[in-house]
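Engineer: Sharing a sequence plus its predicted fold:
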Amino acid sequence: MPDPHHRRLRRPHRPAPVTALAPDPAADLRFIRDTMERSASFTAIPGWGQVILGATALAAAWLAAHQPASWLKIWLAEAILAAVIAVLSMRWKANRRGLPLFTGPGRKVALGLFPPLVAGALLTFLLDRAGLDSALAPAWLLLYGAGIITGGAYSVSIVPVMGLCFMATGALAVVAPASWANYFLAAGFGGLHIIFGFLIARRHGG
C-alpha cells in the first residue's frame with residue numbers, strides 16, 4: 001500500500017526564458033556600411049553647398065560677360081567666395097553627421113585637393129603677368145578637376161567623376177576659341193557644381 005504521507009516531490013517552478021529579439025540583418029548591414037564608409041571615405045562633401053557654389057559662379061559669369069574689363073577681378077572674387085562657402089558648408093555637414101573634418105579621410109582629401117589649387121593660384125599670377133589671360137580658364141578647370149580627382153579618391157565615388165568632368169571641360173576650353181572662356185567657366189564652375197551637388201545631396205545626405 002502506498003504511504004499516504006508520502007508526497008510527490010515537485011520541482012521548483014522556473015520562469016520561462018525570455019526570448020531575445022531576433023537581430024535585424026538589414027540594420028546590422030547598414031551599421032557596418034556606415035561605419036566602414038566613415039572610416040574609409042570622407043562623406044562630408046556638401047551637396048547643397050556645391051549647388052550654392054554653382055549659383056554664385058553663374059552670377060559671376062553673367063557679371064564678367066557684362067564687364068569684360070573686370071573679368072579677372074570678378075572671377076578671383078568668386079574664387080574667394082567659393083572657398084568660404086565650401087569650408088562653411090563642409091563644416092556644417094560634418095558637424096551634423098558627427099564626422100571629423102580635418103582628420104582621417106578629411107585630411108587626405110585636403111592634401112589631395114590643395115596642391116593643384118595652390119598651383120592654380122600661382123599660375124594665375126604668372127599667366128596674367130605674361131599677358132596670357134586666354135589660358136586662365138583652361139588652366140583653372142584642369143587644375144581644379146585634377147584636385148577633385150586626387151582628393152576625391154578618399155571620398156565617395158561620385159566626387160572623382162565630377163573631377164573628370166571638370167578636366168574634360170578644361171580640355172575642350174584648350175581647343176576652343178579664347179572668346180568662349182567665360183562660357184566654359186560658367187559650364188564648369190556653375191553647371192557641373194549644380195548637377196553634381198544635387199546628386200551628392202540626394203545620395204549622400206545634404
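Structural biologist: Done, it's in.
Engineer: In the protein, which residue is most central in space?
Structural biologist: I45 (2.6 Å; Cα atoms, centre = their mean).
Engineer: quick one, what contacts it?
Structural biologist: 90, 93, 155-156, 159, 200, 204 (Cβ atoms under 8 Å, 6 or more residues apart in numbering). Yep, even glycine has a C-beta here, placed from its N, CA and C like the rest.
Engineer: Please repeat the previous calculation with a cut-off of 10 Å.
Structural biologist: Residues near I45 by Cβ atoms under 10 Å, 6 or more residues apart in numbering: 86, 89-90, 93-94, 106, 109, 148, 151-152, 155-156, 158-159, 162, 196-197, 200-201, 204, 206.
Engineer: among those residues, which ones are buried?
Structural biologist: 86, 89-90, 93-94, 106, 109, 148, 151-152, 155-156, 159, 162, 196-197, 200-201, 204, 206 (16 or more other Cβ atoms under 10 Å).
Engineer: Those in helices, which ones?
Structural biologist: Cross-referencing those against helices under DSSP state H gives 86, 89-90, 93-94, 106, 109, 148, 151-152, 159, 162, 196-197, 200-201, 204.
Engineer: was I right about Y154 contacting I148?
Structural biologist: No. Proximity of Y154 to I148 does not meet the contact threshold set by Cβ atoms under 10 Å, at 11.6 Å.
Engineer: Between the two, which contacts overlap?
Structural biologist: 109, 112-113, 160.
Engineer: May I ask which of these has the most neighbours?
Structural biologist: V109 (26 neighbours; other Cβ atoms under 10 Å).
Engineer: how near is that one to K73?
Structural biologist: 29 Å (Cβ to Cβ, to the nearest Å).
Engineer: Next: I194.
Structural biologist: Distance of I194 to K73, given as Cβ to Cβ: 24 Å.
Engineer: And the helices in this protein?
Structural biologist: Using DSSP H, helices in the chain cover 25-40, 47-66, 71-97, 105-129, 136-152, 158-175, 181-185, 193-204.
Engineer: hmm, back to that, which one's more surrounded, I194 and K73?
Structural biologist: I194 (18 against 11).
Engineer: what's the closest non-adjacent residue to that one?
Structural biologist: In space, and not counting its chain neighbours, I194 is closest to G54: 3.5 Å by Cβ to Cβ, 6 or more residues apart in numbering.
Engineer: who touches the residue nearest to A135 when sequence neighbours are not counted in this structure?
Structural biologist: Nearest in space to A135, with sequence neighbours left out and distances taken as Cβ to Cβ, 6+ apart, is L127 at 5.3 Å. Contacts for L127 (Cβ under 10 Å, 6+ apart) come out as 72, 133-136, 139.
Engineer: where does the chain have its least confident helix or strand?
Structural biologist: helix 25-40 (a mean of 56; mean pLDDT, DSSP states H and E).
Engineer: Quick one: neighbours of A55, just the number.
Structural biologist: 15.
Engineer: I figured it hits I194, correct?
Structural biologist: Yes. Taking contacts as Cβ under 10 Å, A55 lies within contact range of I194: 7.0 Å.
Engineer: Pull the number of nearby residues for the spatially closest residue to C165 that is not a sequence neighbour.
Structural biologist: For C165, ignoring the flanking residues on the chain, the nearest one in space by Cβ to Cβ, 6+ apart is L192 at 5.4 Å. Neighbours of L192 under the rule other Cβ under 10 Å: 24.
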